[in-house]
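Peer 1: Structure for this input, please:
(chains A and B)
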Amino acid sequence: MTASIVVEHLTRRFGSFTAVDDVSFEVGRGEIFGYLGANGAGKTTTIRMLCGLVPPTAGDARVTGHSIGRHPEQVKQAIGYMSQRFSLYPELRVGENLSFFGGAYGLWGRGLRSRIDEVLELVDLVGHEHDRTSDLPGGMRQRVALAGAILHRPAVVFLDEPTAGVDPVARRRFWSLIRRLSAEGTTIFVTTHYMDEAEYCARVGLMVAGRLPALDSPAGLKATYVPGRVWSVQGPHLPRDTRARLSAVEGVTEVQSMGAGWRVRTEERVQAADLAGPLGPDAVATLDAATLEDVFLAVVNADAQKAGTARALGGA
Amino acid sequence: MTVFLRRAAAMAHKETLHISRDAWTLYVGLVLPLVLLVLLGFGVSFDLDHMPLQVVDLDHSPESRALIEDFTAAGEFVLAGSLASGDEAAQAFAAKQSVAVLTIPEGYARALARSEVATVGLLLDGSDGQSAQQAVTRADALARIASLRSTGRAVVPPLAAATWTRFNPAGRSALFLVPGISAYVLALVAVLLTALSVAREWERGSMEQLFCTPVRRGEIIVGKLVPYLCMGIVQVLLVLAAGAWVFGVPARGDLFTLGLASLLFMLGMLGQGVLISIITRNQMVATQASTMTSMLPSMLLSGFIFPVDNMPLLLQGISHLVPARYYIDILRGVLLKGNGLSESLFELAMLVAFASLMMGLSLARFRRKLA
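Peer 2: This next block holds a predicted model:
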């Protein structure tokens, strides 16, 4: 795998607050790399450092071979960036926004014109060139922003929560675009807090309080952090004390209320009958798939425990 | 270099679109200057006419009535009534019935007839210094006319200064004020508009997007300034044309000097606007800072209304830092005195220095970083 982004011990402090704490990882060329984490976990600071907007306090990163600390200008020419707030000018038309950002990357004249036509085609906005950007619905605006970020054919595209506030249909459409870019060899670095979106990523890094405790493919993360089985327990007449009864079953590790039923995590040896049995004749337990949300909660809990232990040890 | 021009051109084009789409910017840039010029031009006037005058005539003679006639004939004073005695003057002033009370003592006509010195009293409301001073000047002149008529010859003092006023012989304050108003309006509009336009980019987050592109600081600043500079040139032409048309301000001197000075002054003001917004990053604060640093000094410390030579030394010192002062000097010189380049070199140099300082500070303070 040729690495398109190499991050080594990247750290950023704001005063006494450490926003990003000794983070290291690599992203391969053409990979879709997801960066997951709660608000304030350090996702945006990481992306801003990788784009040359915020200098690192310690450590370094190379984006397409250029050091973000020493050659931020080369980095800027090689990347596209779509920030959390779509940074389009609302009073400009779609075409005017694109030709401005093209010009900002040094494109001009006929080359710029034909490239604008190309990206409009790619993001499926042909015919909207003369629409005022403020009049477009969120999903379309977001595709204009993406078009603006790829005009200069960057090798790496950074997307900071690109789908925030966009409806599910538009999100799906956006992600098919992202996959297309990736298939053509563009490296995608995307932050999100939609767990279902993270499933689209080849690999996912989980950020907790500035650190990166977990990094793997979605399947790998689930195998590591959500071992055992996940069950869905349902039935028309579940008893009032279902939670207590399920928790009492040998091998059950976690019971969560989920809609009309329950979501139960157990050890590998637990069978469907072990769960349904204590709940009466109409209860049904079916095997369910672990989600990245399970992973996220497990990682956050493990991290909190570790921090608790560290504090206890420090106090002793 | 070509890449620089291309990126700066992209910035400038975008900025032009912003300006052309924003009714408020267009209003502030092109209409407000004219509105201010007309309002201030007519409103701020030192030419006093129709000052209400009350009279205490204790002589009741044809001569005393002739004197009152003299006072009110030219229109500077209008007769606002008679008082029985000078003691009522305080009341009249308090009620704002008049600004001056003329007292003609008993025996006025008799003194004139005997060719003695006839004294009349003029009591003034000093709470409005401007009016009081004008009244004194006018009364003095009127007394001289009256004595000329009664004696048939002018009183010839042993030494007389023969004075005449050049450049503005009628003493019309519009001629003196319009150049000042132009500078004031240009300063306000240029600083405010650029400050807001850059601060808006910070607030919207588009500055962050710009910093992620290879566009450099200089390109952003040039791209921001060029459209506003063009707008400023239109402003200067509009304001000067309106000054000539509405107030009859002449243009006697070298128009090249005028154009050069306007360009340098605008550059300085635009640079100041950019600097303010780079520091404040916020439209609200930028507005306040623009007003404090451009409008007030341009009005109070530039010689626009209050002559710099009459200020306390400290303020005179500060006024040397106000570019409007130099611009107003050049404008008055070129428009009224017929000055050219050679008379304006020092002021032009000061404008260059101010513009360079603002641009330099802007570049130095402008970091393409968010933290």
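
Peer 1: Is residue B:359 located within a strand, as I assumed?
Peer 2: No: assigned with DSSP: H, G, I helix; E, B strand; the rest coil, residue B:359 falls outside any strand and is helix.

Peer 1: so how many other residues sit close to it?
Peer 2: Here the count is done by other Cβ atoms under 10 Å in any protein chain shown, and residue B:359 has 21 residues near it. From N, CA and C alone the C-beta is placed, and that goes for glycine too.

Peer 1: Surely it is in contact with residue B:267?
Peer 2: Yes: contact status for residue B:359 versus residue B:267: in contact at 7.5 Å, counting by Cβ atoms under 8 Å.

Peer 1: I'd guessed residue A:141 sits against residue A:135; true?
Peer 2: No: applying Cβ under 8 Å as the test, residue A:141 and residue A:135 come out as separate, 9.5 Å apart.

Peer 1: List the residues that contact residue A:154.
Peer 2: A:78, A:79, A:80, A:186 (Cβ atoms under 8 Å, 6 or more residues apart in numbering or on different chains).

Peer 1: The last one: neighbour count?
Peer 2: By the other Cβ under 10 Å criterion, the neighbourhood of residue A:186 contains 21 residues.

Peer 1: Now do the same for the nearest residue to it once chain neighbours are set aside: helix, strand or coil?
Peer 2: Excluding its sequence neighbours, the residue lying closest to residue A:186 (Cβ to Cβ, 6 or more residues apart in numbering or on different chains) is residue A:157, at 5.7 Å. Assigned with three-state DSSP, residue A:157 falls in the strand class.

Peer 1: which among the contacts of residue A:154 gets closest to residue B:28?
Peer 2: residue A:80 (35.5 Å; Cβ to Cβ).

Peer 1: Which secondary structure state is assigned to the closest one?
Peer 2: Taken by three-state DSSP, the conformation at residue A:80 corresponds to strand.

Peer 1: do you know how far the nearest residue to it once chain neighbours are set aside is from residue A:87?
Peer 2: Nearest residue to residue A:80 in three dimensions, chain neighbours excluded: residue A:149, at 3.5 Å (Cβ to Cβ, 6+ apart). As judged by Cβ to Cβ, to the nearest Å, residue A:149 and residue A:87 stand 9 Å apart.

Peer 1: related to what we said a few turns ago, residue A:141 and residue A:135: which has the busier surroundings?
Peer 2: Neighbours were counted for residue A:141 and for residue A:135 using other Cβ under 10 Å; residue A:141 has more, 20 against 12.

Peer 1: I'd like to know which elements the helix or strand of chain B with the lowest mean pLDDT is packed against.
Peer 2: Lowest mean confidence among the helices and strands of chain B (mean pLDDT, DSSP states H and E): helix B:129-151, at a mean of 75. For helix B:129-151, the contact count by 3 or more Cβ pairs under 8 Å, 6 or more residues apart in numbering or on different chains; DSSP states H and E identifies strand B:51-57, helix B:62-73, strand B:100-104, strand B:121-124 as packing neighbours.

Peer 1: can the helix or strand just after it be found next to chain A?
Peer 2: Going down the chain from helix B:129-151, the next helix or strand is helix B:173-204, by DSSP states H and E. Yes: applying Cβ under 8 Å from any Cβ of the partner chain, one finds that helix B:173-204 is in contact with chain A at residue B:204.

Peer 1: sorry, back to before: select, out of the helices and strands packed on helix B:129-151, the one closest to residue B:228.
Peer 2: strand B:51-57 (44.6 Å).

Peer 1: Quickly run through the sheet partners of that closest one, with directions.
Peer 2: Note on strand B:51-57: by DSSP bridges, its sheet partners are strand B:77-82 (parallel), strand B:100-104 (parallel).

Peer 1: picking that back up, might one say that the residue nearest to residue A:80 is in contact with residue A:157?
Peer 2: Yes: at 5.9 Å, residue A:149 and residue A:157 qualify as touching, with contact defined as Cβ under 8 Å.

Peer 1: tell me, what's touching these two both at once?
Peer 2: The contact sets of residue A:149 and residue A:157 overlap at A:80, A:81, A:82 (Cβ under 8 Å, 6+ apart).

Peer 1: Surely the last one and residue A:162 touch.
Peer 2: What it means is residue A:82. Yes: when contacts are counted by Cβ under 8 Å, residue A:82 is listed as touching residue A:162 (5.5 Å).

Peer 1: Return every residue with contacts to both of these two.
Peer 2: A:145, A:146.

Peer 1: Could you look up the SS state of the closest residue to chain B within the stretch 51-200 of chain A?
Peer 2: Relative to chain B, the nearest point of the stretch 51-200 of chain A is residue A:103 (2.4 Å; Cβ to the nearest Cβ). Following three-state DSSP, the label given to residue A:103 is helix.

Peer 1: And for the nearest residue to it once chain neighbours are set aside, the neighbour number?
Peer 2: Among residues not flanking residue A:103 along the chain, residue B:10 sits closest, at 2.4 Å (Cβ to Cβ, 6+ apart). The tally of other residues near residue B:10 (other Cβ under 10 Å) stands at 25.

Peer 1: Give the next helix or strand downstream of the helix or strand hosting residue B:10.
Peer 2: Assessed by DSSP H and E, residue B:10 sits inside helix B:2-21. Using DSSP H and E, the next helix or strand after helix B:2-21 towards the C-terminus is helix B:23-26.

Peer 1: Mind listing the residues bridging to the closest residue to residue A:69 other than its chain neighbours?
Peer 2: In this structure, residue A:69 finds its nearest non-sequential neighbour in residue A:60, 5.0 Å apart by Cβ to Cβ, 6+ apart. Applying DSSP bridges to residue A:60 yields these beta-bridge partners: residue A:8.

Peer 1: where does the stretch 151-300 of chain B come near chain A, residue by residue?
Peer 2: B:204, B:205, B:206, B:208, B:209, B:210, B:211, B:212, B:213, B:214, B:215.

Peer 1: Any chance of the backbone angles for residue A:33?
Peer 2: Main-chain torsions, residue A:33, degrees, to the nearest 10: phi -110, psi 120.

Peer 1: wait, what's in contact with the spatially closest residue to it that is not a sequence neighbour?
Peer 2: The shortest distance from residue A:33 to any non-neighbouring residue, by Cβ to Cβ, 6+ apart, is to residue A:27 (4.4 Å). Going by Cβ under 8 Å, 6+ apart, residue A:27 touches A:3, A:4, A:5, A:33, A:187, A:189, A:203.

Peer 1: How about the secondary structure of the closest residue to residue A:116 other than its chain neighbours?
Peer 2: The shortest distance from residue A:116 to any residue other than its chain neighbours is 4.9 Å, reached at residue A:98 (Cβ to Cβ, 6+ apart). Classification of residue A:98 using three-state DSSP returns helix.

Peer 1: Nearest to chain A: which residue in the stretch 101-250 of chain B?
Peer 2: Chain A sits closest to residue B:209 of the stretch 101-250 of chain B, with a gap of 3.4 Å, by Cβ to the nearest Cβ.

Peer 1: Burial check on that residue, number of neighbours?
Peer 2: Here the count is done by other Cβ under 10 Å, and residue B:209 has 25 residues near it.

Peer 1: low-scoring stretches of the stretch 1-150 of chain A, by residue?
Peer 2: Scanning the stretch 1-150 of chain A for pLDDT under 70 picks out A:1, A:86.

Peer 1: which bits of it sit near chain B?
Peer 2: By Cβ under 8 Å from any Cβ, the residues of the stretch 1-150 of chain A that approach chain B are A:14, A:48, A:51-55, A:73, A:76-77, A:79, A:81, A:83-85, A:87-89, A:91-92, A:96, A:99-106, A:108.
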